[in-house]
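Visitor: Quick one, what's the 3D model for this:
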Amino acid sequence: MLKRNLTIFLMLLIPSLAGAAPRGGSKAVKLVQKFATRAELSKSLRALGYKARGGVDKAESDRDEQNGASFPHFSSSFSVGGATFPFTMVGHPPATGKSARLRSVIIPLRMNFVGFGINGDVSHSFDPSAAVQNIVHSPLYREAKFPNGVGQFGDQMQRAAFWNRMDRDHSWHVRMGEPVVARTIDVEVTPETGSLALFGTYWTGDVLIDFMDAQILTILQFMDIGPDELPIFVTGDVTAQALGYHSAFSVPGEDGGTSLQTYTYTSWLDPAQVDPLFADVSTFNHELLEWMNDPFINNVVPTWNYPPPSDPNASCSFNNLLEVGDPQGNGPTFSDYPTVPVVIDGVTYHLQQLVLLQWFTDEVPSSAQNGWYTFPDPSSVSVPAVYCK
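Guide: I've put the predicted structure just below:
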């Protein structure tokens, strides 16, 4: 009943999001874009990048930390140039040695594109089942070998960052628990809200990010998801004017208080068809670790340049958030940082390079494990951020 009600509601919602029809009542026409080469497809995907939306005030997340209504999170701060920058991250305080097992719900979205082409007779549905299966069995939920040991990618990265700040026995962990996989929800996409593309026989779709976010917020109203759970919305071979994004917002309570809800959206693209930077869980590992390091999207840092300083393409990011995936995956120097392949049970997963907290904090040497600034390949960055002037 939940799936049927959501499908009907989302279909009714679409006309209000699409806007008015063209003058004269004629139907919008959107041709299917065709990519002649893989390089053209990659250029189009690259232009989408990664985003963050929403966010809550620091005061709200501080209150939530005291109330304990959502997932475990702790606050600390660092100083640069005489200014103090507070931050909040997922997990218990590292010095306590207490481990966190984080709850998540994967929500597959079957994106049904209808009415495309000059005659309105081109339609295509994108099933997310392969994406969900791949994500559930990936190093974000399963253990794999990394430079600092065997474990989940997120846990091993956070342990590297706080290795010298956690308890003496190094028993602190931030692990993802086994995810709940919800039933697939159908979303209808029309030429007013999306576009279709074809590379050989490989179809991809893209929808307006506001359209996707409206669907997500509506779905969250229908689902019983607590503030201590992370909803992960997944599409297969469909993007949303971004390869992925994460968001947070406050929810008024009946008692007059508020709770905080976070969520992520991730595309999943066929590794047999796209470059490794966009393949399989590369976007999910980018977004999940940004959620772990900045769950409420309010961790402000000095505005930083894209690394490395030696690349002539390095420029100011105009980004003042602690977004660990963006420095190496979202700027003009991304080609300096190829993904790291990790194999589990014969399946190769592509993990993007991410920076550790210490890259933002101007620490020399880094207080992270072995003086690292980046993960999972500690050799990719050897100096902290250069700040924009």
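
Visitor: what about F284, which SS state?
Guide: helix (DSSP: H, G, I helix; E, B strand; the rest coil).

Visitor: got the contact list for it?
Guide: Each residue near F284 by CB atoms under 8 Å, 6 or more residues apart in numbering is listed here: I135, S138, L140, I232, V234, G244, T264, T266, W268. In short, each C-beta sits where N, CA and C put it, glycine included.

Visitor: Closest one of the residues you listed to P252?
Guide: Ranked by distance to P252 (CB to CB), the contacts of F284 are led by T264 at 22.5 Å.

Visitor: Does that closest one lie in a helix or a strand, and which?
Guide: Following DSSP states H and E, one finds T264 within strand 258-268.

Visitor: who's in contact with Q33?
Guide: Taking CB under 8 Å, 6+ apart, one finds S195, L196, A197, L198 in contact with Q33.

Visitor: Kindly state the pLDDT recorded for the residue most central in space within the chain?
Guide: In the chain, the residue lying closest to the centroid (CA atoms, centre = their mean) is E287, at 2.1 Å. For E287, the pLDDT comes out at 98.

Visitor: end to end, how far does stretch 174-190 reach?
Guide: 41 Å (CA to CA, to the nearest Å).

Visitor: Same question for stretch 340-359.
Guide: 19 Å.

Visitor: What are the buried residues along it?
Guide: The neighbour-count check on stretch 340-359 (16 or more other CB atoms under 10 Å) flags 340, 342, 349-359 as buried.

Visitor: possible to save the residues you listed as JSON lines with distance to V80?
Guide: Putting the buried residues of stretch 340-359 into JSON lines (distance: CB to CB, whole Å) gives the following:
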{"residue": "V340", "distance to V80": "29"}
{"residue": "V342", "distance to V80": "33"}
{"residue": "Y349", "distance to V80": "35"}
{"residue": "H350", "distance to V80": "33"}
{"residue": "L351", "distance to V80": "28"}
{"residue": "Q352", "distance to V80": "25"}
{"residue": "Q353", "distance to V80": "23"}
{"residue": "L354", "distance to V80": "20"}
{"residue": "V355", "distance to V80": "15"}
{"residue": "L356", "distance to V80": "15"}
{"residue": "L357", "distance to V80": "12"}
{"residue": "Q358", "distance to V80": "12"}
{"residue": "W359", "distance to V80": "12"}
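
Visitor: Mark which of those are part of strands, please.
Guide: Among the buried residues of stretch 340-359, the members found in strands (DSSP state E) are V340, V342, Y349, H350, L351, L354, V355.

Visitor: from those residues, which two are the most distant?
Guide: Y349 and V355 (19.8 Å).

Visitor: so I344 sits right up against S138, yeah?
Guide: Yes - the criterion here is CB atoms under 8 Å, and I344 meets it with S138 at 7.3 Å.

Visitor: that older thread, just put the ones in strands among the buried residues of stretch 340-359 in a markdown table and tack on pLDDT and distance to S317.
Guide: Shown next, in a markdown table, are those (pLDDT from 0 to 100; distance: CB to CB, whole Å):
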| residue | pLDDT | distance to S317 |
| --- | --- | --- |
| V340 | 97 | 22 |
| V342 | 98 | 27 |
| Y349 | 98 | 27 |
| H350 | 98 | 23 |
| L351 | 98 | 21 |
| L354 | 98 | 15 |
| V355 | 98 | 12 |
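
Visitor: report the longest strand in this protein, please.
Guide: strand 100-116.
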